[in-house]
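In: take this sequence and fold it.
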Amino acid sequence: MQRTLLSEMAIKFCCFSQEPVDDVDSWGESIEKLLSCKSGQMAFQDFLKSEYSEENILFWLACEEYKKITSAPEMISRANQIYTEFVQTEAPRQVNIDSGTRTNITNNISEPTLNSFDMAQKMIFSLMARDCYPRFLKSDIYQSILQNHGKS
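Out: Purely as a prediction, here's the structure:
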């Protein structure tokens, strides 16, 4: 039954994705390549969900979207959403950042800039690259996707 679920996930990520199928092979080269395509993000998110650490990729993606904001009102609104969901103490999806970074964000949240979450995002990226990504490469999820990609 586990094998069937993994095969279904592989199909979801590779066959219905808008990404070139060749990208699957590049996911093993670096976390940057994995996160540069939507299907890679989805596969990594499913893996992190299985490890109860999905907040890391969700925070990282929220920060990436936040950096694209062009209007001040939208920036303030979105900064507060990110802060409430991921940064503040006891947030529902609190990310693991040091207290100094958390305090700095807290102190500046009333006047956010496009760089408000940069330090925290770098910390979470580093955590994912150092800890989660190597386990993802060894996971049944990734191995199943690779196997199914090789059959096409």
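In: R102 versus K122, what's the distance?
Out: To R102, K122 is 14 Å away according to C-beta to C-beta, to the nearest Å. The way it works is simple: take the backbone N, C-alpha and C, and place the C-beta from them, glycine included.
In: which one of the two is surrounded by more residues?
Out: A count of neighbours by other C-beta atoms under 10 Å puts R102 above the other of K122 and R102, at 19 against 14.
In: where does this structure dip in pLDDT?
Out: 1-22, 151-152 (pLDDT under 70).
In: switch the cut-off to 80
Out: 1-22, 150-152 (pLDDT under 80).
In: give me the phi and psi for the most centrally placed residue in the chain.
Out: Nearest to the geometric centre of the chain sits I57, at 2.0 Å (C-alpha atoms, centre = their mean). Backbone torsions for I57, taken as degrees, to the nearest 10, come to phi -70, psi -40.
In: again, but for S30
Out: phi -170, psi 160.
In: equivalent analysis for P92, please.
Out: According to degrees, to the nearest 10, P92 has phi -60, psi -30.
In: pull the contacting residues for it.
Out: E85 (C-beta atoms under 8 Å, 6 or more residues apart in numbering).
In: many thanks, have a good one.
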